[in-house]
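# I would like the atomic coordinates for the input below:
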Amino acid sequence: MRHLLEAMAGDDRPEARALVYLLGGCFVIFVSALPAALVGGPQWPPDAPAEARVINTFFAWMFIAPLLFYLMAGLSHLLARLLRGQGTFARARMALFWSVLAVSPLMLLRAMVARLIGDGPQLMVADTLVALAFFAFWAVSLIEAETPSVS
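The predicted structure follows:
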């Protein structure tokens, strides 16, 4: 994270790099959600066509989720400010967006568990591990982003 933040400081378009990380992570998560969207499930109306389920999943992960991640990054920076953080909104965004990208391959593993094994304790363990990994990546990255750089 320190290396990414240093590169962001010298970049002429740091927001573009962060956005690419976010969209890349959201796309990988969308791919991991494709099998469930194609098969359907209790969250979908019984007569919903597969194309509609895929389009809705794509829209959710590529348009709605990024907006929510921007909101989460802003709120996390404000909370860090209350706890004497000295970073910026851009650094907080980079911390969260990199965490989304870093954990996205685990979402593929989680999807494989869901499709091959199905519901059960294994899926609950996979969900828990993905959540723990995400929050661990985000916490460590946010601490680095909110700590003043020593130059």
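# and the most centrally placed residue in the chain, what does it touch?
The centroid of the chain falls nearest to Val100 when counting by Cα atoms, centre = their mean (2.7 Å). The contact partners of Val100, by Cβ atoms under 8 Å, 6 or more residues apart in numbering, come to 21-22, 25-26, 29, 69, 134. For the C-beta atoms, the positions are set from N, CA and C on the backbone; glycine is no exception.
# just Glu146 next, same as before
Contacts here follow Cβ under 8 Å, 6+ apart; on that basis Glu146 touches 77, 80, 85-87, 91-92.
# one more time with 6 Å
80, 85, 87 (Cβ atoms under 6 Å, 6 or more residues apart in numbering).
# just checking, the last one touches Ala145?
The one in question is Gly87. Yes - counting by Cβ atoms under 6 Å, Gly87 touches Ala145, with 4.6 Å between them.
# start to end distance for stretch 110-124?
Counting by Cα to Cα, to the nearest Å, you get 9 Å between the two ends of stretch 110-124.
# model confidence over it, on average?
The average pLDDT for stretch 110-124 rounds to 90.
# centre of the chain to that stretch, how far?
Distance of stretch 110-124 from its chain centroid, counting by Cα atoms, centre = their mean, to the nearest Å, is 20 Å.
# same question for stretch 27-46.
17 Å.
# ok, residues contacting it?
Stretch 27-46 is contacted from outside by 50, 53-54, 57-58, 61, 104, 107-108, 111, 115, using Cβ under 6 Å, 6+ apart.
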